Structure formats: structure tokens, C-alpha cells
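**Q** what follows is a predicted protein model with its sequence.
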Amino acid sequence: MTVESQKETLGFQTEVKQLLHLMIHSLYSNKEIFLRELISNASDAEDKLRFAALKDDSLYEGSPDLNIRIDFDEEANTVTITDNGIGMSREDVINNLGTIAKSGTADFLKQLSGDEKKDSKLIGQFGVGFYSAFIVADRVEVFTRKAGAAAEEGIHWESKGDGEFSIEPVSRESRGTQIVLHLKADEKEFANGWRLRSLVKKYSDHISFPVVMTAESTEEGEEAKDETVNDATALWTLPRNEVKDEEYKEFYKHIAHDFEDPLSWSHNKVEGKLDYTSLLYLPARAPFDLYNREAPRGLKLYVQRVFIMDDAEQFLPLYLRFTKGVIDSNDLSLNVSREILQSDSTVESIKSALTKRVLDMLSKLVKKDPEQYQKFWDEFGQVLKEGPAEDFGNREKVAGLLRFASTHTGEAAQNVSLDDYIGRMKDGQKKIFFITADSFVAAKSSPHLEVFRKKGIEVLILSDRIDEWMMGYLNEYDGKQFQDVARGELDLGDTESEEDKKQQEEATKTHKELLDRIQKALAERVQEVRVTNRLTDSPACLVVGDHDMGAQMKKIMEAAGQKVPDSKPIFEINVEHPLVQRLESEQGDERFGELSAVLFDQATLASGEQLEDPGAYVARLNRLLLELAN
């Protein structure tokens, strides 16, 4: 079989077609980043070879000097990027260049709006990588051979970015990958030595491998020589005072494949019992797969400046998975594996230190630039809410970083800290009050807030799905306990006068017969009926028992296919309300039962829960309306 007869034409994965189209048409203002992306990929390939060669140095094939080369041809209008890294096999080429092996791609594409400016930011979060080549090129060729493979196992890949690609065997003496960009007619500016050098200095100066170009000779007849265009120094190994802010920002874009600058970073070298260097970043925008807890995450791990792995997740807890960065340790074995990482006490020590460092970065951002922290919260707040459950030791510190909506602000924006709340607590108030609901609007209109409005007491409004679960792990903050206003006995502390308490006790005695009748009428639906101290305007409300599951958690468990524990609510009535007084005067048991059921169903709806039997509620209501009409 000849080489030509082995040529195959294959179709791109559907998501790749969409992504290529969007990039080509949406990233016109950022087109120069194609070089940064391709150099970053080449750098990764060099890193991977160096790591693989720790076990088998024959992979160097007698050529251990690693570099990335850039060539151009103004007449042919081409740019070529070559690395002598790990290279790719045929299977690697199909997997890496024909598909997107990243979870959540379909969800990402659903977010795209057709607005080029907004979509370009989303694509930036996705990480454009190799496909950025098609922003400036109308044809791309890839020549590659995996390190250690025979010369005849080379692969030639080619595509015009229009829905399909061809792949065929090719003989290739050198390992690594060569990418040839056939530039579009209106992109000739990139087939220029000065332009390419300036882009390397701008975007890739920090790459730790030499980026080599042919020096442009100054005298006729002088032989052209290679020159290194970048500094080729691992940025994290430099002293902080030798690194400029712009260099930190570009390095972040390199490791995170992000278009935007980071919000903040922390560069730290630890010496003593443990020796390691960390460079941690807080991104400005959430990636599309942030809420997929199974998505790849973690720091780039180096040991003594030798790359070990991407996405080393063992060095930070899951709730800090938004953090990007690098860790370089002298205390881990060079043949480190994921299994060793999971059981190494050194890893646990570093994890504890890095966790505190990230939380300190966030605390400093709160004090230094509250507006920027608010932007961070809007992007990553729901992930940070996982912290109290996952990190008991830092629970108080995490709680101080949380932000909530509140009855005090009257808006859905989550911008109230627990310190803000405590600073506004009423005289005699001993607890931090909160309410959970499916939405801000539902919570704000809940009857459970009536007594708090009357007394001017602020209540935190929690409407994210994770909130009730989170509050199950937050018992107190700054010595003050939390209380769900819709759960158990409501203790208003010293804000409730002795006279208020006495009136409630007397009301319970005075209306005992009414309470007993309602309890009997709704025996199958309630665990207790009692006089309320929560309501001022509504006739009744439902209260969750101290140890029962709330509505939010029930919905989460049901959505996960788990059995929800059986429980009945407490039914509280406002004996001052005309409807309750009308109910109390009703003599007929059947009609009393009808009215009691209507009140209970209304309270169920007001609490944001669904009725077990909506048809029965409608029928009862219709009967009452017909009576009024007559």
C-alpha cells in the first residue's frame, strides 16, 4: 500500500465545526493571539517530553536540547512553528485536532449569543488552543512524529477549517510537531520577522524554553544565525522584584488560556521545613465548566523545575478550583504519580498552606478593592459557598468572604457581608437571621419576614440552590448563631418585649380549642398547630421542624433521584387575622375542614412549595367563590 493510498479525509466533531466558525468570525480583534496559543502548546509538548524522559531518556533520540522554532516566508505567505517535544501519534492527532476532549462543550456552545463581542469572551474562557491558527490562516498543515516512534510513523494532517481534515502517513526524521500556517491574503503582516518577534516578546517572553528565530543578517553575504527571541526563564523562579506586572499577567494568560487579565496574584517562595515556590492567580471570569465538579482542575506541578502534570488537583480543595497557577516543589520525588500525591504528607502540608494563601488573597482583595471583589463574587460566589462544608478548619474565614442579598438592600444583588450585617444588628438582637427560597422575589414576599419588617430587623435572603445545604454547615459567625426564620421556634432575643411574649402565651391558651380543631382537621398534613409570633399581615404560614429537611434540600435530593425523608410542617396561625377569626366562628365541621385546608394550601404556596393536590385546592376555592356569589 502506498503512502498516497493511505490518505484519509475525516469530518470534524460537530462542536469543533461550530467553534471554528465562531472563532474565525468572532475573534477578529484578538487575532494576534494565535501565536501565543501555538507557542504555549509547543511549550507543553516540550514539558511532556522532559517528564517522559525521566523514565526513558532514549526518547531524546540523542537530541536533548529543547526549543521552539518560528520561521516565515514572505513570498509563500506562511508562518511555521516547530517544536522538538513529545510529538503525536496518529491516534493523538485525531483526538487532539479533530475533537474537543473537554466535558461540557455542548453546554458552552449553548451560552453563545451571536453577539461577537460577548462570544469572543466566552471563547477566551474555553481556551482556543490549536484552533486559533484558523483565525489568520485559510489552510493549516501539521507534520508530527511521536518521540521514540520510527521515522515512517510520522503523520501529516491538513485542513482548511471548513468541516473536514485529511490525515496520512509521512516519513519524518525528527520527533515533535511542525505547524505550517498558510496565511489568508489579508494577513500578510504576520509573515514578517519584526512582527513575529514583537508578538513573542509581548505574549511569550516567559516561556521557559528558547523560542528561536533566524537572525536577519545585517551585511550581504553574512551567514544567517539563529537567535533566541524570548528570555526563556521560568517566571516563577525569579525574585518578585524582578518580575513586572505585565509579565505576571501574560504568564497567567499562558497557563490559563484566558484573554482577560487576572484579578490578583500571589508569588511566594517557602524555605525551611518545606521548600517550594507557588504562583497563584485569581481569574476575573468563570470558565464555562466551573460548576462541573468532575472537570479537570488544579495547578501546574513542577518538581525542581521539571514539569510533572497539568491539573494537579491535590494541592487545593475543590471549592477553590477556580484558582490557576504553578507550584514547583523540591520535596517531591521526580517520579511522582497521582497515587503518591494522594498519600504524601508533604502534599497535605502544602495544600493547607496554599489554601490559606488563596483565602488571604481574597481577604486582601476585599479590603483593597471591594468593587473588584464583588466582581469576583458574582463570577465565583456559588463555588466558594461549598467551602463551609468542605473545609471545617477555615470555615470562619470562608464565611467572612460570603456575600448575600438582604432585606436591608432590597435588591437581588449579593453584596452584603456577614460583617456588614453584624454592624447593623438591632440592640438586643443576638442572632443572624436568614431565609432560603427558590428566588429572591419569593423570599422577599415570604410571610415569614413580616415581624422582621415590623421591628426593622435585617434578614439575609438566600436563593441559590446550594444555600440551604451550605447553612447546614454554618452554625455561627463571630460568636453569633444563625437562625432560619422559617424553621423551629423563632427567638427574637431582646427585640421581643416581655409583653409580646405574654400576649402570645395568652393567645395560645385563649385559642386552644381552635388550635385543636385545626390539628384534627389537618391531622394527616401537619405535625403541630400553634399561634405565631412571625406574622403580622398574613393569616398563616408553614414552619419547618428543627431537624427536618427544608424545601431547597428536598428539591436537590429529588433531582438527584434520592428518597426524601417524610416530614410534616408546623402550621402557625395569626389569631388576629380576620380569616382566622372567621374560621374560629365556623360551627360546621365539614366547612371548618374546608376552610382550614384552604388556609394550609395558601400557606404552602406562600412558602414556595408545590401543592400535593392542586386540583383539590382549586375545587375548594371555587366552592367558596360560588358561595360568595350567591
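**A** Great, that's in hand.
**Q** since we're on residue 574, how many residues are nearby?
**A** By other CB atoms under 10 Å, 23 other residues sit near residue 574. For the C-beta atoms, the positions are set from N, CA and C on the backbone; glycine is no exception.
**Q** how about the contacts made by it?
**A** For residue 574, the contact set (CB atoms under 8 Å, 6 or more residues apart in numbering) comprises 532, 535, 536, 538, 539, 540, 580.
**Q** filter those down to the ones in strands?
**A** When DSSP state E is applied, these are split such that residue 540 fall in strands.
**Q** out of the contacts of residue 574, which comes closest to residue 146?
**A** Using CB to CB, residue 538 comes nearest to residue 146 of those, at 71.1 Å.
**Q** I'd say residue 438 and residue 550 touch.
**A** No. Contact criterion CB atoms under 8 Å: residue 438 and residue 550 do not qualify, at 11.2 Å.
**Q** just the strands in the stretch 151-300 of the chain please.
**A** For the stretch 151-300 of the chain, strands defined by DSSP state E, counting those that start in this stretch occupy the ranges 154-159, 164-170, 176-183, 211-214, 226-228, 264-270, 276-282, 299-303.
**Q** mean pLDDT added to these, as TSV?
**A** Output for the strands of the stretch 151-300 of the chain, formatted as TSV (pLDDT from 0 to 100):
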stretch	mean pLDDT
strand 154-159	95
strand 164-170	92
strand 176-183	97
strand 211-214	94
strand 226-228	91
strand 264-270	94
strand 276-282	95
strand 299-303	86
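**Q** any chance of those strands in CSV, plus distance to residue 93 and mean neighbour count?
**A** Formatted as CSV, those follow (distance: least, CB to CB, whole Å; neighbours: other CB atoms under 10 Å):
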stretch, distance to residue 93, mean neighbour count
strand 154-159, 5, 22
strand 164-170, 6, 17
strand 176-183, 9, 23
strand 211-214, 24, 20
strand 226-228, 28, 13
strand 264-270, 35, 17
strand 276-282, 31, 24
strand 299-303, 24, 23
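**Q** reformat these as JSON lines; add distance to residue 544.
**A** Below are the strands of the stretch 151-300 of the chain laid out as JSON lines (distance: least, CB to CB, whole Å):
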{"stretch": "strand 154-159", "distance to residue 544": "59"}
{"stretch": "strand 164-170", "distance to residue 544": "58"}
{"stretch": "strand 176-183", "distance to residue 544": "60"}
{"stretch": "strand 211-214", "distance to residue 544": "62"}
{"stretch": "strand 226-228", "distance to residue 544": "67"}
{"stretch": "strand 264-270", "distance to residue 544": "40"}
{"stretch": "strand 276-282", "distance to residue 544": "37"}
{"stretch": "strand 299-303", "distance to residue 544": "41"}
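**Q** who wins for proximity to residue 405 among those strands?
**A** strand 276-282 (23.0 Å).
**Q** quick check: angle from the closest one to strand 264-270?
**A** Relative orientation of strand 276-282 versus strand 264-270 (axes from the mean of the first three to the mean of the last three CA atoms, to 10 degrees): 170 degrees.
**Q** and strand 276-282, how far out from the chain's middle?
**A** Offset of strand 276-282 from its chain centre (CA atoms, centre = their mean, to the nearest Å): 19 Å.
**Q** distance of the closest residue to residue 330 other than its chain neighbours from residue 507?
**A** Nearest-residue entry for residue 330: residue 275, 4.1 Å, with adjacent residues in sequence omitted and distances by CB to CB, 6 or more residues apart in numbering. Taking CB to CB, to the nearest Å as the criterion, residue 275 is separated from residue 507 by 69 Å.
**Q** same thing with residue 286?
**A** Counting by CB to CB - residue 286 and residue 507 are separated by 51 Å.
**Q** skip the chain neighbours and tell me the closest residue to residue 175.
**A** Nearest to residue 175 is residue 147, by CB to CB, 6+ apart, at 4.3 Å.
**Q** in this structure that neighbour contacts residue 49, no?
**A** Yes. Taking contacts as CB under 8 Å, residue 147 lies within contact range of residue 49: 5.6 Å.
**Q** what sits against the residue nearest to residue 330?
**A** 329, 330, 331.
**Q** and if you look at residue 450?
**A** 534, 535, 536, 537, 538.
**Q** residue ranges with poor pLDDT in this protein?
**A** 1-5, 13-29, 98-128, 217-222, 334-343, 630 (pLDDT under 70).
**Q** tell me the domain boundaries of it?
**A** Domains of the chain are assigned by automatic domain parsing as 4-220, 236-369, 403-495, 498-629.
**Q** can you lay out the ones you listed as CSV showing distance to residue 385?
**A** Shown next, in CSV, are the domains of the chain (distance: least, CB to CB, whole Å):
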stretch, distance to residue 385
domain 4-220, 20
domain 236-369, 8
domain 403-495, 5
domain 498-629, 13
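**Q** what's the local residue count around residue 194?
**A** 9.
**Q** against residue 229, how distant is it?
**A** Distance, residue 194 to residue 229, by CB to CB: 11 Å.
**Q** check which residues of stretch 232-246 are buried.
**A** 232, 234, 235, 236, 243 (16 or more other CB atoms under 10 Å).
**Q** any chance of these in TSV, with distance to residue 609 too?
**A** What follows is these, written out as TSV (distance: CB to CB, whole Å):
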residue	distance to residue 609
232	63
234	57
235	54
236	52
243	55
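**Q** between those residues, which is closest to residue 519?
**A** Proximity of those to residue 519 (CB to CB) peaks at residue 236, which lies at 67.9 Å.
**Q** grab the nearest non-local neighbour of that closest one.
**A** Closest residue to residue 236 apart from its sequence neighbours, by CB to CB, 6+ apart: residue 279 at 4.3 Å.
**Q** OK, contacts around that neighbour?
**A** 235, 236, 248, 251, 265, 266, 267, 268, 325, 326, 327.
**Q** which pair of the residues you listed spans the longest distance?
**A** So, the contacts of residue 279 by CB to CB: farthest apart are 248 and 327, at 15.8 Å.
**Q** related to what we said a few turns ago, do you know how far the residue nearest to residue 330 is from residue 8?
**A** 50 Å.
**Q** one more: residue 388?
**A** On the measure of CB to CB, residue 388 and residue 8 end up 53 Å apart.
**Q** who has more neighbours out of these two?
**A** Neighbour count, other CB under 10 Å: between residue 388 and residue 8, residue 388 has more, with 23 against 10.
**Q** quick check: the more buried one touching residue 398?
**A** Yes. Residue 388 sits in contact with residue 398 when judged by CB under 8 Å, with a separation of 5.7 Å.
**Q** where do the helices sit along the stretch 451-600 of the chain?
**A** Taking DSSP state H, counting those that start in this stretch as the criterion, the stretch 451-600 of the chain contains helices spanning 467-471, 498-510, 512-521, 551-559, 578-584, 589-606.
**Q** what's the local residue count around residue 617?
**A** When neighbours are counted by other CB under 10 Å, residue 617 comes out with 18.
**Q** hang on, the earlier thing: for residue 602, find the nearest of the strands of the stretch 151-300 of the chain.
**A** Per CB to CB, nearest to residue 602 of the strands of the stretch 151-300 of the chain: strand 276-282, 46.5 Å.
**Q** listing partners with orientation, what would you give for the closest one?
**A** strand 264-270 (antiparallel), strand 324-329 (antiparallel) (DSSP bridges).
**Q** residue 492 is in contact with residue 456, isn't it?
**A** No. With contact defined as CB under 8 Å, residue 492 does not reach residue 456; the gap is 11.9 Å.
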